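> Need coordinates for the below:
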Amino acid sequence: MKPKNLDRSLNVGFSGGEKKKNEILQMLVINPKLAILDETDSGLDVDAIKTVSKGIEMFKNDNNAVLIITHNTKILHSLKVDYVHVLVNGEIVKTGGEELAKEIELNGYASYKKGE
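Alright, predicted model coming up:
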């Protein structure tokens, strides 16, 4: 973080990407047992996704967990994920690993939405 930003109020004047990076910094400092990141990749450019992903990788270990909620698989390219779950209408309809994320990237979510 740039030293000049230390004097600003929390997230005041930050761009969307700076706010997301700041959330990751807070996660690293607070060090919770479970971090739930909802659409943390939304609106981030390629470089910011890499920065956020690096922070997530720095955080996760055997003593904590990270749940990333996303509609876009871009952030998963920079992370080593343990599980991928597809949620439709509040229910997990498919669980897998990285291969599931790759399949969704190629084919989309349409095959999982049949019951809608």
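> When you work out contacts or count neighbours from here on, use the C-alpha atoms and nothing else.
OK.
> how near is V29 to E23?
10 Å (CA to CA, to the nearest Å).
> quick one: which of the two has more around it?
Taking neighbours as other CA atoms under 10 Å, V29 and E23 compare with E23 leading, 17 against 10.
> Could you say which helix or strand holds the more buried one?
With elements taken from DSSP states H and E, the one containing E23 is helix 16-30.
> Quick one: list the elements packing against that helix.
On a contact count with 3 or more CA pairs under 8 Å, 6 or more residues apart in numbering; DSSP states H and E, helix 16-30 meets helix 46-59.
> And the contacts of the helix or strand following the helix it packs on?
Tracing the chain C-terminally past helix 46-59 and defining elements by DSSP H and E, one meets strand 65-69 next. With CA atoms under 8 Å, 6 or more residues apart in numbering as the test, strand 65-69 has contacts from K33, L34, A35, I36, L37, D38, E39, T40, I56, K60.
> can you rerun that using 7 Å?
With contact meaning CA atoms under 7 Å, 6 or more residues apart in numbering, strand 65-69 is reached by K33, L34, A35, I36, L37, D38, E39, K60.
> what's next to the next helix or strand after it, contact-wise?
Remark: after strand 65-69, the chain's next helix or strand is strand 84-88, criterion DSSP H and E. Residues outside strand 84-88 that contact it (CA under 7 Å, 6+ apart) are I92, V93, K94, T95, G96, G97, E98, L100, A101, K113.
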